[in-house]
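Asker: predicted model follows, preceded by the sequence.
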Amino acid sequence: PGDLLFFDQGQDQHVMLWTGRRVVYHNGARPPRNPAAGSPKKTTTDNGLRAVSLQDLSKWPDTRWQPTENNPNFIGFFRLSLLSSKGL
């Protein structure tokens, strides 16, 4: 848990977090902040945060997001050094 998965999508780089049970990522969705005057108030609980099993991510239809050795977009798993300290 605490490992980060890095992906290179050309000019964009992305990171996902391994929690030990699921891979957590944000899909870029943002709820509307201020609906236009006169329009119905938009409400949403979708903050763009997603979680998926590592097994499901490895079979993802969009292969750019598969954390596999043969995926040129997958940079690798990394751990922040503060998570590797003794006592944590």
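Answerer: Ah, there it is. The structure presented is a predicted model; accordingly, all values stated were derived computationally and were not measured.
Asker: so where do the strands sit in the chain?
Answerer: Here the chain has its strands, by DSSP state E, at 3-9, 12-18, 23-26, 49-52, 74-79.
Asker: the inter-axis angle of the first one versus strand 12-18?
Answerer: To tie it back to what came earlier, the one meant is strand 3-9. 160 degrees (axes from the mean of the first three to the mean of the last three Cα atoms, to 10 degrees).
Asker: now the last one
Answerer: Regarding strand 74-79 and strand 12-18, their directions subtend 40 degrees when assessed with the same axes, to 10 degrees.
Asker: strand 74-79 packs against which elements?
Answerer: strand 3-9 (3 or more Cβ pairs under 8 Å, 6 or more residues apart in numbering; DSSP states H and E). Placement of C-beta: from N, CA and C, glycine included.
Asker: could you pull out the buried residues of the strand it packs on?
Answerer: Buried residues in strand 3-9, counted by 16 or more other Cβ atoms under 10 Å: 3, 5, 7.
Asker: dump the residue contacts of the nearest residue to residue 19 once chain neighbours are set aside.
Answerer: Using Cβ to Cβ, 6 or more residues apart in numbering and skipping the chain neighbours, the partner closest in space to residue 19 is residue 1 (5.6 Å). Contact analysis of residue 1 by Cβ atoms under 8 Å, 6 or more residues apart in numbering lists 18, 19, 20.
Asker: buried ones among these?
Answerer: The neighbour count (16+ other Cβ under 10 Å) marks residue 18 as buried among these.
Asker: ok, so of the contacts of residue 1, who is nearest residue 80?
Answerer: Distance to residue 80 across the contacts of residue 1 (Cβ to Cβ) is lowest for residue 18, with 11.8 Å.
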